[in-house]
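> Any chance you can model this:
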Amino acid sequence: YRNPVSTGWPKMDELTQGGLGRGELGVVIAPTGAGKSMALVHLGAEAVANGLSVVHYTLELQDTVVAKRYDSCITEIPLSELDSRKEEVLDIVKNIEGNLIVKEYPTKTASTQTLSSHLDKLRMHGKKIDMIIVDYGDLLRPVERRKEKRNELESIYEELRGLAQEYQCPIWTASQTNRSGLNAEVITMESISEAFSKCFVADLIMSLSRTVEDKNTNSGRIFVAKNRAGRDGLLF
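Here you go, the predicted model:
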């Protein structure tokens, strides 16, 4: 009944009973530069590779940059080699059954209503929507201005979960940590920036932490901070 979409990580799928389900909101927490956007691309690429239709909204990076990351993720060709191996990329990508739409909005110009309008247009043109990715929720413009930023962020995440329920598909987004999460080996929900109330809304929260040593060894840690579909508090 949840119709979950695989994360591409077997252990995570096992924990979440198959991945993030329809109408559910998943949040990746990480400090700046730790790989939030790459994690979201991985989740989208996995869905596309499995024949699903993904709509990826980017509010920070250019759409061409995001598209290149998808090419790299799907083909397993390093980003630095994509331009010199274009024919190889095309040969692999043309056999992919899934669909990907990358839509770019300048930071703080789009609200959840903007996303909803775009999704409605896609539906009108007969496009299927199996998963939505918003990179990232903190950069959306609030529909209603509030006195405090934390209240605005809380309403944005509530609206994102509402979108997931309206379109009956999973939504993945990301959130920045506060300063305490910069060099933390394990990032917990305490490190969520600005609005802790985001935690109440999300169905699945996982954090991504990479110390300086981790970056040098090309490694990192994923901590399952919240999981409505199963166990949480686990570190990989």
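> For the host helix or strand of Trp172, enumerate the helices and strands it packs against.
Trp172 belongs to strand 171-176 when elements are defined using DSSP states H and E. Counting contacts by 3 or more Cβ pairs under 8 Å, 6 or more residues apart in numbering; DSSP states H and E, strand 171-176 is packed against strand 25-30, helix 36-49, strand 131-135, helix 149-166. Just so you know, the C-beta spots here come from the backbone N, C-alpha and C atoms, and that holds for glycine as well.
> cutoff 10 Å now
When contacts are defined as 3 or more Cβ pairs under 10 Å, 6 or more residues apart in numbering; DSSP states H and E, strand 171-176 sits against strand 25-30, helix 36-49, strand 53-58, strand 131-135, helix 149-166, helix 198-201, strand 204-209.
> how distant is it from the center of its chain?
The chain centre lies 5 Å from the centre of strand 171-176; the measure is Cα atoms, centre = their mean, to the nearest Å.
> Can you give the strand pairings for it, parallel or anti for each?
Taking DSSP bridges as the criterion, strand 171-176 forms sheet pairs with strand 25-30 (parallel), strand 131-135 (parallel).
> Report the angle between the shortest one and helix 149-166.
Relative orientation of strand 131-135 with respect to helix 149-166: 160 degrees, computed using axes from the mean of the first three to the mean of the last three Cα atoms, to 10 degrees.
> mind starting the numbering at 183 from now?
Done: numbering now begins at 183, and the last item shifts to strand 313-317.
> buried residues in the least confident helix or strand in the chain by mean pLDDT?
Sorting the helices and strands of the chain by mean pLDDT, DSSP states H and E puts helix 380-383 at the bottom, at a mean of 82. Residues 380-381, 383 are the ones in helix 380-383 that count as buried (16 or more other Cβ atoms under 10 Å).
> and of the residues you listed, the nearest to Val187?
Proximity of the buried residues of helix 380-383 to Val187 (Cβ to Cβ) peaks at Val383, which lies at 19.1 Å.
> Relative to Thr370, how far out is the closest one?
Using Cβ to Cβ, to the nearest Å, Val383 is found at 17 Å from Thr370.
> re the thing from before, got TSV for the buried residues of helix 380-383, with distance to Thr359 too?
Output for the buried residues of helix 380-383, formatted as TSV (distance: Cβ to Cβ, whole Å):
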residue	distance to Thr359
Lys380	12
Cys381	13
Val383	17
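> dump the residue contacts of Val275.
Neighbour list for Val275: 230, 252-253, 256-257, 282 [criterion: Cβ atoms under 10 Å, 6 or more residues apart in numbering].
> For these, which entry has the maximal number of neighbours?
Neighbour tally across the contacts of Val275 (other Cβ atoms under 10 Å): the maximum, 22 neighbours, falls on Val230.
> State the distance from that residue to Ser391.
Between Val230 and Ser391 the distance, using Cβ to Cβ, works out to 27 Å.
> Out of the contacts of Val275, which sit inside helices?
Residues of those located in helices (DSSP state H): 230, 252-253, 256-257.
> Return the member of those residues nearest to Leu304.
Distances from Leu304 to the ones in helices among the contacts of Val275, taken by Cβ to Cβ, are shortest for Val230, at 15.4 Å.
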